[in-house]
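Undergrad: sequence and computational prediction follow.
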Amino acid sequence: GDSVTQMEGPVTLSEEAFLTINCTYTATGYPSLFWYVQYPGEGLQLLLKATKADDKGSNKGFEATYRKETTSFHLEKGSVQVSDSAVYFCALSSGNTPLVFGKGTRLSVIA
Amino acid sequence: EADIYQTPRYLVIGTGKKITLECSQTMGHDKMYWYQQDPGMELHLIHYSYGVNSTEKGDLSSESTVSRIRTEHFPLTLESARPSHTSQYLCASSGLLPSSYNEQFFGPGTRLTVL
């Protein structure tokens, strides 16, 4: 079945550092890909998405490119802030079935 | 404003009690979901629904039950709570394909503690 693998955390960075969180997927067909973020004490929020190969999703300085050849959707940000501390989930949608989520990566940014 | 709501946000109860976690959405979505989130953050799908009178079990076996009598409402019930049910419960909804691409919208969660 479909699956998502994302890098394990926790990830700890200093403010203004470059962030990469790796995500690879296995799916039949052509899934849509998502990154969700969960701030402490809250539900998940959609951060960005890409619906076809080579699409780049972007939001709040975060970017991810849908790479069909490497089945990847890595999340990047050029300069993280303390306020980016959260848990990040990669997910895919393949047809009408529920989203398949990765296990989540906790990011802590220190001043 | 279109949104998804969960009540209560926090609940502490004793073993053996019956509880219902409420979830409502005002987005007109047909599909709704319940997830259990463990302290290690991983999400486990426990129930979902594609519309009124439709309910399906998810990937994680759960002693809870759900109902979908109205489009906007998807409550989750535990007949007899146990300490092993202590967790964060997240409700989500999604609209029709293809325009939504199955994007899910999440409520704020209910943190349940069973003593």
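TA: In hand now; what should we look at?

Undergrad: enumerate every residue touching residue 47.
TA: You didn't say which chain, so I picked chain A. The neighbours of residue A:47, taking CB atoms under 8 Å, 6 or more residues apart in numbering or on different chains as the test, are A:34-37, A:59-60, A:62, A:75, A:88. Any C-beta I mention is one placed from the backbone N, CA and C, and that applies to glycine too.

Undergrad: switch to chain B, that's the one I care about
TA: Residue B:47 touches B:33-34, B:55-58, B:62, B:64, B:66, B:76, counting by CB under 8 Å, 6+ apart.

Undergrad: what's the lowest-pLDDT member of the residues you listed?
TA: For those, the minimum pLDDT belongs to residue B:62; the value there is 79.

Undergrad: residue B:48 is in contact with that one, correct?
TA: No - using CB atoms under 8 Å as the test, residue B:62 is too far from residue B:48 to be in contact (11.7 Å).

Undergrad: neighbour count: the two, which is higher?
TA: The residue with more neighbours, out of residue B:62 and residue B:48, is residue B:48; 23 against 18, by other CB atoms under 10 Å in any protein chain shown.

Undergrad: from residue B:22, how far out is that one?
TA: In this view, residue B:48 and residue B:22 are 17 Å apart by CB to CB, to the nearest Å.

Undergrad: now do the strands in the chain.
TA: Chain wasn't specified; assuming chain A. A:3-6, A:11-14, A:19-21, A:23-26, A:32-38, A:44-50, A:56-59, A:62-65, A:75-77, A:86-93, A:100-101, A:105-110 (DSSP state E).

Undergrad: oops, chain B please
TA: Along chain B, counting by DSSP E, strands occupy B:4-7, B:10-13, B:19-25, B:31-37, B:43-51, B:54-57, B:65-66, B:76-78, B:87-94, B:104-106, B:110-114.
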